[in-house]
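Enquirer: Make a model of this:
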Amino acid sequence: MRRLRRIKILATLGPASSDSTMIRKLFEAGADVFRINMSHTPHDKMRELVKTIRNVESSYGRPIGILVDLQGPKLRLGSFANGPIQLNNGSNFVLDSIKEPGDETRVYLPHPEILAALKVGDALLLDDGKVRLICEETVGDRAVTRVVIGGKMSDRKGVSLPDTDLPMSAMTNKDRADLEAACETGIDWVALSFVQRAEDVVEAKRMIRGRAAVMAKIEKPQAIDRLQDILDVSDALMVARGDLGVEMPLERVPSLQKQMTRMARRAGKPVVVATQMLESMISSPVPTRAEVSDVATAVYEGADAIMLSAESAAGKYPVEAVSTMNRIGEEVERDVTYRTVVTAQRPDPEATAGDAIAGAARQIAETLDLSAIICWTSSGSTALRVARERPKVPVVAITPSISTGRKLSAVWGVHCVVAEDAKDQDDMVERAGRIAFRDGFAKSGQRVIIVAGVPLGTPGATNMVRIAYVGPSDAEM
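Expert: Next comes the predicted model:
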């Protein structure tokens, strides 16, 4: 199951893609990681999906990553006494703590933390930004707003606050229960919603206790203002363009996508571009030209992964959506321009032995036209450092840890093999050659470069480079 592209594909599971047969088809079509959205998935169903994915993984002998996406706080209005209302431009509208149905002048807001944090001049966006209010006065537990962009409003519509720093956790009680259940089930990645500050990620990590890696979803303006701090404590980023495009001007989202992609690459951490990538394929077997260009842009930028949401979870053509994304990735990466762009964005190595060796390995492999870079890694850090270089040649990670292999399934260009750790350097070289030959990365007589940490099995101790021939004995395994 060797992929012919470097960028990885995340596919969301849902009503259209929850049985074993469909999950197999999605994996064969190109899905590298499966996403389980806890907004719509009870614990029993989540456990069933994880079990099914692990069975598919076992039958193919290839690590498959599982990402659980936490719902996060959902901020919503109360209800209206006589059904939907019309908010007119220039009129006043009050949000308060009175637990009674609303009307054209007021509505209950069941979030006292919002009323406490709102400041005069702050914007409030209702129903995914369709209606815009500006706070003009705050008095105790009520806020008087002015309607800037009016429209129809009905029960329980969502509230977004792009200008307000809310003093609340990124996790609700439901999220904490979902997170614990997911970690007990043995998932690999946790996507954390509603991240506003680095402390939100730290809180989740304390609860996870090393059982999974944390992917911070960047979907709020407050997170943009603290992006470097959030990246420093996260294991990966997700560019959650849907919510980001509600709370920020849409025209800013493309540049923020590029900014986050490059920041994450400099840090040597995976970055996933998500939301509406092939949206039309929910109901159509082919995407629009604009969607193809959107996916291609993420590939050209050197993102680690691109994600399908409703396209694979609830659409009519889940396999076709994954297959289309797979073909776009392959085609872009064949383009000469792609290599030029990715190379131009290569960050300088950090002042560490591991980064220096990863950079040297990439340069040696390309100068000598070697067949592959083989990384022996227990924690995954060696493979992450090499992937950060975006080398021309394939990257193969050999690890004794199935958990590490599954996490690396979200990392650009890494073909991961789970195998018993090497006994010594000779064993390491011999088995690297055999695996490279077996999986089609090198032929007999070709050379590979091997990167590892010595002593073997020491996490984060990348300190060795060795060039080796793939000999006849490797071909006879």
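
Enquirer: Could you use CA atoms for every contact and neighbour count after this?
Expert: Noted.

Enquirer: Need the phi and psi values for Pro42.
Expert: Note on Pro42: its backbone torsions stand at phi -70, psi 160 [degrees, to the nearest 10].

Enquirer: Revised request: answer the last question for Leu10.
Expert: Here the main-chain torsion angles of Leu10 (degrees, to the nearest 10) amount to phi -100, psi 130.

Enquirer: cool, and Val159?
Expert: Comment: the main-chain dihedrals of Val159 come out as phi -120, psi 130, following degrees, to the nearest 10.

Enquirer: residues touching it, list them.
Expert: Contacts of Val159 were listed using Cα atoms under 8 Å, 6 or more residues apart in numbering, and they are Leu75, Arg76, Leu77, Leu124, Leu125, Leu126, Asp127, Asp128.

Enquirer: ditto for Gly14
Expert: By Cα under 8 Å, 6+ apart, the contact set of Gly14 is Ile36, Ser312, Ala313, Ala314.

Enquirer: any idea of the pLDDT on the second one?
Expert: So that's Ser312. For Ser312, the pLDDT comes out at 98.

Enquirer: quick one: the nearest residue to it once chain neighbours are set aside and Ser283, what's the gap?
Expert: The shortest distance from Ser312 to any non-neighbouring residue, by Cα to Cα, 6 or more residues apart in numbering, is to Pro318 (4.1 Å). When distances are taken as Cα to Cα, to the nearest Å, Pro318 and Ser283 turn out to be 10 Å apart.

Enquirer: Those two: which is more packed in?
Expert: In this view Pro318 and Ser283 are compared by other Cα atoms under 10 Å, and Pro318 has more residues nearby, 30 against 14.

Enquirer: What does the more buried one show for phi and psi?
Expert: phi -60, psi -40.

Enquirer: Would you check that it makes contact with Leu13?
Expert: No. Here Pro318 does not reach Leu13: they are 9.4 Å apart, not a contact under Cα atoms under 8 Å.

Enquirer: shared neighbours of these two, anything?
Expert: When contacts are counted by Cα under 8 Å, 6+ apart, Pro318 and Leu13 are jointly contacted by Ser312.

Enquirer: correct me, but Ile208 touches Glu180?
Expert: Yes. Judged on Cα under 8 Å, Ile208 makes contact with Glu180 at a distance of 7.4 Å.

Enquirer: Which one's more surrounded, those two?
Expert: Ranked by neighbour count (other Cα under 10 Å), Ile208 and Glu180 place Ile208 first, with 19 against 13.

Enquirer: How much space separates that one from Val190?
Expert: The span separating Ile208 from Val190 equals 9 Å under the rule Cα to Cα.

Enquirer: what's the overlap in contacts for these two?
Expert: Common neighbours of Ile208 and Val190, counting by Cα under 8 Å, 6+ apart, are Leu179.

Enquirer: Let me see the contact set for Tyr338.
Expert: Going by Cα under 8 Å, 6+ apart, Tyr338 touches Tyr300, Val332.

Enquirer: repeat that for 6 Å
Expert: Applying Cα atoms under 6 Å, 6 or more residues apart in numbering to Tyr338 gives the contacts Tyr300.

Enquirer: name the element it belongs to?
Expert: helix 336-344 (DSSP states H and E).

Enquirer: count of neighbours near the residue lying closest to Ala117 once chain neighbours are set aside?
Expert: Nearest-residue entry for Ala117: Leu166, 6.2 Å, with adjacent residues in sequence omitted and distances by Cα to Cα, 6+ apart. Counted with other Cα under 10 Å, the burial measure for Leu166 works out to 16 neighbours.

Enquirer: could we number from 508 for the rest of this?
Expert: Noted, 508 is the first residue going forward, which turns the last one into Leu673.

Enquirer: is it fair to say Leu673 lies in a strand?
Expert: No. Residue assignment for Leu673, taken from DSSP: H, G, I helix; E, B strand; the rest coil, gives coil, which places it outside any strand.

Enquirer: show me where the stretch 758-907 of the chain has strands.
Expert: Counting by DSSP state E, counting those that start in this stretch, the stretch 758-907 of the chain has strands at residues 778-781, 812-815, 880-883, 902-906.

Enquirer: What is the end-to-end distance of stretch 756-765?
Expert: The first and final residues of stretch 756-765 sit 16 Å from each other (Cα to Cα).

Enquirer: now stretch 850-870
Expert: The separation between the terminal residues of stretch 850-870, taken as Cα to Cα, is 12 Å.

Enquirer: How is this protein divided into domains?
Expert: Structural domains assigned to the chain are 515-580+676-848, 592-667, 860-982, following automatic domain parsing.

Enquirer: I'd like the ones you listed as TSV, with distance to Pro854 appended.
Expert: As requested, the domains of the chain are exported to TSV (distance: least, Cα to Cα, whole Å):
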stretch	distance to Pro854
domain 515-580+676-848	6
domain 592-667	36
domain 860-982	8
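
Enquirer: wait, which of the ones you listed is closest to Met508?
Expert: Proximity to Met508, assessed across these by Cα to Cα, is greatest for domain 515-580+676-848 (7.4 Å).

Enquirer: centre of the chain versus the closest one, how much separation?
Expert: How far domain 515-580+676-848 lies from its chain's middle: 4 Å, per Cα atoms, centre = their mean, to the nearest Å.

Enquirer: Now Trp696, what are its backbone angles?
Expert: Backbone torsions for Trp696, taken as degrees, to the nearest 10, come to phi -130, psi 140.

Enquirer: should've said Met660
Expert: Met660 has phi and psi values of phi -140, psi 140 when expressed as degrees, to the nearest 10.

Enquirer: That one touches Ile592, doesn't it?
Expert: Yes. Met660 is within contact range of Ile592, at 5.3 Å (criterion: Cα atoms under 6 Å).

Enquirer: neighbour count winner among the two?
Expert: Neighbours were tallied for Met660 and for Ile592 using other Cα under 10 Å; the higher tally belongs to Met660 (20 against 17).

Enquirer: residue contacts, that one?
Expert: Contacts of Met660 by Cα under 6 Å, 6+ apart are Pro591, Ile592.

Enquirer: circling back: tabulate the contacts of Gly521 in TSV, adding columns for distance to Glu786.
Expert: Below are these laid out as TSV (distance: Cα to Cα, whole Å):
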residue	distance to Glu786
Ile543	18
Ser819	10
Ala820	12
Ala821	11
